[in-house]
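Engineer: Sequence first, predicted coordinates after that:
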Amino acid sequence: DPFSGRGDLEKRTIRCVGDPQKRFGEDALRIVRAFRFASQLGFDIESETLSAALRLSGRLSKISAERILSELIKAITGAKPSALGPLIAHGGFGFLGVTHAENLDVLDGHMNALHRESAFAALCFLCGVRPKELCIRLKSDRRLREVSADIFYCLQCPPYNRAAKKRALALL
């Protein structure tokens, strides 16, 4: 175990092998993958890795939309979609029009049981982004675009507070 991977697994930590700045510089999609792994596994991202990911998140705009969509879907259908919170808050998806997210933690533990369309609609709802627009930017398939838009509009029936949002999302 030359990189102490077993220790990180026991600590439930995501860490880059070697210098995170260099790893993310080699392939910016690794940034989204780190957050995807954190979501799917319910792990935390080690502080140096997190700092480098956020610092280099502007490079995500250079990655193909289809690759980002694939990782994003896997992340939001994971056990802990709120792991995406720091990346969204730091502007990592700003080039897609996703600039903030509220109450992402209400998704934790629920999204892995949902279809990707429902999970995508829930993410869009909490980020205040229309699914059709985001799907166009991410070059998604027609089914994701249409079904998530229908679910999104159902969710918009006015839940004004955190408890109401959580109840609406529980109906998915």
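Structural biologist: Ah, there it is. Here the structure is a predicted model, which means the values were calculated and not measured.
Engineer: Low-confidence ranges, the chain, go.
Structural biologist: Scanning the chain for pLDDT under 70 picks out 113, 158-161, 164-165, 167-172.
Engineer: Would you map the helices across it?
Structural biologist: Ranges of helices in the chain, per DSSP state H, are 5-11, 20-26, 29-41, 47-55, 65-76, 85-89, 116-127, 131-137, 142-155, 162-170.
Engineer: Of those helices, which stretch is the most buried?
Structural biologist: helix 116-127 (a mean of 24; mean count of other C-beta atoms under 10 Å). (C-beta placed from N, C-alpha, C; glycine too.)
Engineer: Mind giving me the packing neighbours of that helix?
Structural biologist: Under the contact criterion of 3 or more C-beta pairs under 8 Å, 6 or more residues apart in numbering; DSSP states H and E, helix 116-127 touches helix 65-76, helix 131-137, helix 142-155, helix 162-170.
Engineer: Tell me which of the ones you listed approaches residue 87 most closely.
Structural biologist: Proximity to residue 87 (C-beta to C-beta) singles out helix 65-76 among the helices and strands packed on helix 116-127, at 9.1 Å.
Engineer: tell me the angle of that closest one relative to helix 142-155?
Structural biologist: Helix 65-76 runs at 50 degrees relative to helix 142-155, counting by axes from the mean of the first three to the mean of the last three C-alpha atoms, to 10 degrees.
Engineer: Now do stretch 100-110: distance from first to last residue.
Structural biologist: 21 Å (C-alpha to C-alpha, to the nearest Å).
Engineer: With stretch 45-63 instead?
Structural biologist: Span of stretch 45-63 from end to end, C-alpha to C-alpha: 22 Å.
Engineer: Centre of the chain to it, how far?
Structural biologist: Put simply, stretch 45-63 sits 13 Å off its chain's centre (C-alpha atoms, centre = their mean, to the nearest Å).
Engineer: Of the helices and strands packed on helix 116-127, which is nearest residue 109?
Structural biologist: Per C-beta to C-beta, nearest to residue 109 of the helices and strands packed on helix 116-127: helix 162-170, 11.1 Å.
Engineer: circling back to that earlier point, make a markdown table from the helices and strands packed on helix 116-127 and add distance to residue 8 to it.
Structural biologist: Shown next, in a markdown table, are the helices and strands packed on helix 116-127 (distance: least, C-beta to C-beta, whole Å):
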| stretch | distance to residue 8 |
| --- | --- |
| helix 65-76 | 19 |
| helix 131-137 | 33 |
| helix 142-155 | 33 |
| helix 162-170 | 31 |
